[in-house]
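Student: Pasted the sequence and its predicted model underneath.
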Amino acid sequence: MVNKKRLIKLMRDLIKIDSQNPPGDEFRIADFVKRYLDKLGVKTKIYEFKKSRSNVVVYFPAKAGSCQKLIDQRGKRKNTDKTLLLTPHLDTVPAGKNWKIKPFSGEILKNRIYGLGATDCKGNLACAMEAINSILDDKIILSYNLILAATADEESGSSLGLIPLLERGILNPDLAVVLDADDFKIIITQKGLIHLKIKLKGKRSHGAYPERGVNAIDIAVDIIQDIKKHKFCYIKNKYLLAPTVNVGTIKGGDKVNIVADWCEFELDFRFLPGMSANNIIKAIKEIAGKHTKKYKLEISDLQEPYYINEKHPLVSSLSEAMKNFKVNPIIGGSEGATVITFFQAKNIPAIATGFGSDGCAHTADEYVRIDDLYKGALVLEEFLKNYKFN
């Protein structure tokens, strides 16, 4: 049975551990999670792809298996050895300034626990740990293998966390539930992401004689305006807003009285399921090419959009668990990028959910409601106990 007092203490202990990224050092919190669950008799292991960038993986086998067998099998499991993955992350964004409540205090005020990562994502981690604790306390035997992977580096792209865990076959689940959302929302779709930079060359001249040069900043402005006006083709999605483009950075030129012979700017595209990243990039190249031949386009990140059918058993089972505790499940989409897309690349069905407080992530005086934390652990335990693979 979920223990509310134990959950609150666990949550406060997690908040007190600094895991800001950057600079990036998840060892202390990973070690805490490992030691906490080791005491329960569960097999745990830490994986690092860079010193102190720690990921803790917890193996909770079904009655027919053993922990070591589950670890050793990885990508060689038989079809009958079904595995479900829960994955929150360990790192937080930097605390920043303007906190009225100390960011590592775990202070309780008016049914809220305050602290950096309370909503994103230590509350979800605490719920997962307490749900496993409760299942062990009640001697419940799951019908499938369960893995909890609390990962590093989510706030900076997951290149030291979930991505290598999946690419190296350390994690190879049949299904995944990403614990990184707010207000019991069930995320079944999200926009794709393209981050790109366009570098432009002009011709330098004296600022008093602009006609003698070619101003790269002017070219950049024209290209940006045309991109903003361009009508990208897409199919409306009931869970997501229309595609967007944001000019994130722009810089160029060397001095106010010199015609700028260089300029570069970065764009953030968010695009819908059904849209083609290649077609978007092609359109950008065509627009830039109308204004200059002296440009270079660099892509720094590309994540495809994601969608899973709302009738998938993951969705219906989690919805049912929520309803059992009088929570109205909200099935929706994510405008931002989450780690769901990394499972898509491996053909692993995944959803995201979580129990944080909407609008609190990445803010000063971040908090999570104690009632939501407690109910989240109950929902998660109910879901894990009753989930059945087809």
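Tutor: It's in. Residues are numbered from 1 along each chain as shown.

Student: do you know how far L136 is from V42?
Tutor: Look at L136 and V42: by C-beta to C-beta, to the nearest Å, they are 7 Å apart. Every C-beta, even on glycine, is put in place using the N, C-alpha and C of the backbone.

Student: between the two, which one's more packed in?
Tutor: V42 (19 against 14; other C-beta atoms under 10 Å).

Student: Do a quick rundown of the helices in the stretch 201-350 of the chain.
Tutor: Here the stretch 201-350 of the chain has its helices, by DSSP state H, counting those that start in this stretch, at 216-229, 277-291, 313-324, 340-344.

Student: To I187, which of the ones you listed lies closest?
Tutor: The closest of the helices of the stretch 201-350 of the chain to I187 is helix 340-344. By C-beta to C-beta, the value is 6.9 Å.

Student: Please give the centre-to-centre distance between the closest one and its chain.
Tutor: With C-alpha atoms, centre = their mean, to the nearest Å as the basis, helix 340-344 stands 10 Å off its chain's centre.

Student: tell me the pLDDT at Q303?
Tutor: Q303 is assigned 89 on the pLDDT scale.

Student: The one 3 residues further on now?
Tutor: Per-residue confidence for Y306 comes out at a pLDDT of 95.

Student: Next up, the contacts around it.
Tutor: Y306 is in contact with T189, Q190, G192, P273, I340, T341, Q344, A350, counting by C-beta atoms under 8 Å, 6 or more residues apart in numbering.

Student: Farthest pair within those?
Tutor: By the measure C-beta to C-beta, G192 and A350 form the most distant pair in the contacts of Y306, at 15.3 Å.

Student: Which one's more surrounded, these two?
Tutor: Neighbour count, other C-beta under 10 Å: between G192 and A350, A350 has more, with 25 against 22.

Student: Let me know the average pLDDT across stretch 205-219.
Tutor: 98.

Student: mind checking the end-to-end distance for that stretch?
Tutor: End-to-end distance of stretch 205-219 (C-alpha to C-alpha, to the nearest Å): 15 Å.

Student: repeat for stretch 257-264
Tutor: 19 Å.

Student: Just the buried residues of that stretch, please?
Tutor: V259, A260, D261, W262, C263, E264 (16 or more other C-beta atoms under 10 Å).

Student: Which single one of those residues is nearest to I223?
Tutor: Among these, and counting by C-beta to C-beta, the member closest to I223 is C263, at 9.6 Å.

Student: thinking again about what came up before, put together JSON lines for the buried residues of stretch 257-264, with distance to Y234 and pLDDT on each row.
Tutor: Shown next, in JSON lines, are those (distance: C-beta to C-beta, whole Å; pLDDT from 0 to 100):
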{"residue": "V259", "distance to Y234": "39", "pLDDT": "98"}
{"residue": "A260", "distance to Y234": "35", "pLDDT": "98"}
{"residue": "D261", "distance to Y234": "37", "pLDDT": "98"}
{"residue": "W262", "distance to Y234": "33", "pLDDT": "98"}
{"residue": "C263", "distance to Y234": "29", "pLDDT": "98"}
{"residue": "E264", "distance to Y234": "28", "pLDDT": "98"}
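
Student: Take these and keep only those in strands.
Tutor: W262, C263, E264 (DSSP state E).

Student: The second one against L200, yeah?
Tutor: Yes. In this structure, C263 sits in contact with L200. The criterion is C-beta atoms under 8 Å, and the distance is 4.8 Å.

Student: Give me the common contacts of the two.
Tutor: A216, I219, A220, G252.

Student: Just flag the most distant two among those residues.
Tutor: The span of the shared contacts of C263 and L200, defined through C-beta to C-beta, is set by I219 and G252 at 9.5 Å.

Student: Overlap of the contact sets of these two?
Tutor: L200, C263.

Student: Under the pLDDT cut-off, which ranges of the chain? List them.
Tutor: Scanning the chain for pLDDT under 70 picks out the ranges 63-80.

Student: can you point me to the longest helix in it?
Tutor: helix 370-386 (DSSP state H).
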